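Novice: Sequence plus predicted model, see below.
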Amino acid sequence: LAVLSWRNDRARRRRARAGKSTFEWGAYFSHRWQSDDVPADYLPVAQPRMSFSAADVMARGFRATALDGWARLTTPRLRIEAEAALLIATVDQPSLIPGVLLDGPVRSTQIGAALESEYGRAQDRFSAGLDLGFASGDPAPGFGAFPQVGAAAPQPGDLDGAQASPPGDLRVDNFRFHPDYRIDRILFHELIGTVTDALYARPHARVTLLRGGPGELRAAAAAIASFAVEPTSTPGNARPLGVELDPTLLYESRDGFQIAFEYALLVPLAGLDGSTQAATVAQLARLRLGYLF
């Protein structure tokens, strides 16, 4: 079930030019359940029609509830947007091997939240804002961003791995942002793969250096300070993950041509240190050419 009050980009710009503010909101609720299933690894794959016997069926007992709320306020000069989600789930029988049962359910409570803000209109020469984010964590080793089914349980010092390890660990509490929600260029985007088991603060600013004639030249920069929610998830067993600087220089012509130079510098902190050596500085440079039509 989803309910929302929403306006498109054109309507918000029109209202802002008229000096009006626009408030939008949305809410989402979902409840899912499944009594039985057949583990994917045990489905026949070399047959025209897949079939299975009663012995392949597992009593799963899966239940999951999701709650999500979103709001955005747009004034002639300010935009504030926030979203928060709560996910609760239980799997009564987590075994993936038909006929082999585990004693105890796997449970999950995950919380995620993000805030974006920006002061300054698109036509202004300068704008700035602050973004914040939180994704709940799990004390198991590794961030649990993309665990592999059947892989060995993660060990202290690992960067990733499954967060539940029956029979001793029967919880999965790390919230994962969608990988397409990108707040940086190296740490969460390239190394971890998504925001999970972390909180971050991201101040950012944009300035128009040249305007008029054939196009515009703009410079932008963001600084991201990241911390782990559960220090036992990190390779270095510490909360501070790193500070990343992401500057951009963009030229955009009036006929749709774009050229952008993007740079990133990640200064790792204690949470990314390995057991035998400290993490070193990472850098990224990218040149993008584009034509919008």
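Specialist: Sure thing, it's come through.

Novice: Can you name the residues that contact residue 101?
Specialist: 93, 95 (CB atoms under 8 Å, 6 or more residues apart in numbering). Any C-beta I mention is one placed from the backbone N, CA and C, and that applies to glycine too.

Novice: Now do the same for it: its pLDDT.
Specialist: The model reports residue 101 with a pLDDT of 86.

Novice: next one: residue 224
Specialist: On pLDDT, residue 224 comes in at 98.

Novice: what about it, which helix or strand?
Specialist: Per DSSP states H and E, residue 224 falls inside strand 215-228.

Novice: What are the buried residues along that strand?
Specialist: For strand 215-228, a neighbour-count test (16 or more other CB atoms under 10 Å) marks 215-216, 218, 220-224, 226-228 as buried.

Novice: Widest-spaced pair of these?
Specialist: Greatest spatial distance in those: 215 and 228, 42.1 Å, computed using CB to CB.

Novice: quick one: which of the buried residues of strand 215-228 is nearest to residue 184?
Specialist: residue 224 (4.7 Å).

Novice: List the beta-bridge partners for that closest one.
Specialist: Using DSSP bridges, the bridge partners assigned to residue 224 are residue 244.

Novice: any idea how far it is from residue 241?
Specialist: Using CB to CB, to the nearest Å, residue 224 is found at 10 Å from residue 241.

Novice: Give the residues shared as contacts by these two.
Specialist: Counting by CB under 8 Å, 6+ apart, the residues touching both residue 224 and residue 241 are residue 187.

Novice: related to what we said a few turns ago, turn the buried residues of strand 215-228 into JSON lines, columns for distance to residue 169.
Specialist: What follows is the buried residues of strand 215-228, written out as JSON lines (distance: CB to CB, whole Å):
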{"residue": "215", "distance to residue 169": "56"}
{"residue": "216", "distance to residue 169": "53"}
{"residue": "218", "distance to residue 169": "48"}
{"residue": "220", "distance to residue 169": "42"}
{"residue": "221", "distance to residue 169": "41"}
{"residue": "222", "distance to residue 169": "36"}
{"residue": "223", "distance to residue 169": "35"}
{"residue": "224", "distance to residue 169": "30"}
{"residue": "226", "distance to residue 169": "25"}
{"residue": "227", "distance to residue 169": "23"}
{"residue": "228", "distance to residue 169": "18"}
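
Novice: what does stretch 214-227 rub up against?
Specialist: Contact with stretch 214-227 is made by 183-184, 187-188, 198-211, 239-255, 257, 271, as judged by CB under 8 Å, 6+ apart.

Novice: Make a PyMOL selection of the buried ones in those.
Specialist: Buried members of the contacts of stretch 214-227, defined by 16+ other CB under 10 Å, are picked up in PyMOL with:
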select buried, resi 183+184+187+188+198+199+200+202+204+205+206+208+239+240+241+242+244+245+246+248+250+251+252+271
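
Novice: Show me where this structure has its helices.
Specialist: Along the chain, the stretches classed as helices by DSSP state H are 9-17.

Novice: And the lowest mean pLDDT element among the helices and strands of it?
Specialist: helix 9-17 (a mean of 91; mean pLDDT, DSSP states H and E).

Novice: tell me which strands and helices that helix is in contact with?
Specialist: Helix 9-17 is packed against strand 22-37, strand 58-74, with contacts defined by 3 or more CB pairs under 8 Å, 6 or more residues apart in numbering; DSSP states H and E.

Novice: Please find the angle between the direction vectors of that helix and strand 58-74.
Specialist: Computed with axes from the mean of the first three to the mean of the last three CA atoms, to 10 degrees, the direction of helix 9-17 lies at 30 degrees from that of strand 58-74.

Novice: Show me which residues of helix 9-17 are buried.
Specialist: 12, 15-16.

Novice: thought residue 91 was touching residue 59?
Specialist: No: under the criterion of CB atoms under 8 Å, residue 91 makes no contact with residue 59, lying 10.8 Å away.

Novice: So between the two, which is more surrounded?
Specialist: Neighbour count, other CB atoms under 10 Å: between residue 91 and residue 59, residue 91 has more, with 20 against 11.

Novice: Pull the contacting residues for that one.
Specialist: Contacts of residue 91 by CB under 8 Å, 6+ apart are 60-62, 105-107.

Novice: Contacts only, for the closest residue in space to residue 79 that isn't next to it in sequence.
Specialist: The shortest distance from residue 79 to any non-neighbouring residue, by CB to CB, 6 or more residues apart in numbering, is to residue 118 (4.9 Å). With contact set as CB under 8 Å, 6+ apart, residue 118 has these partners: 78-79, 127-129, 204.
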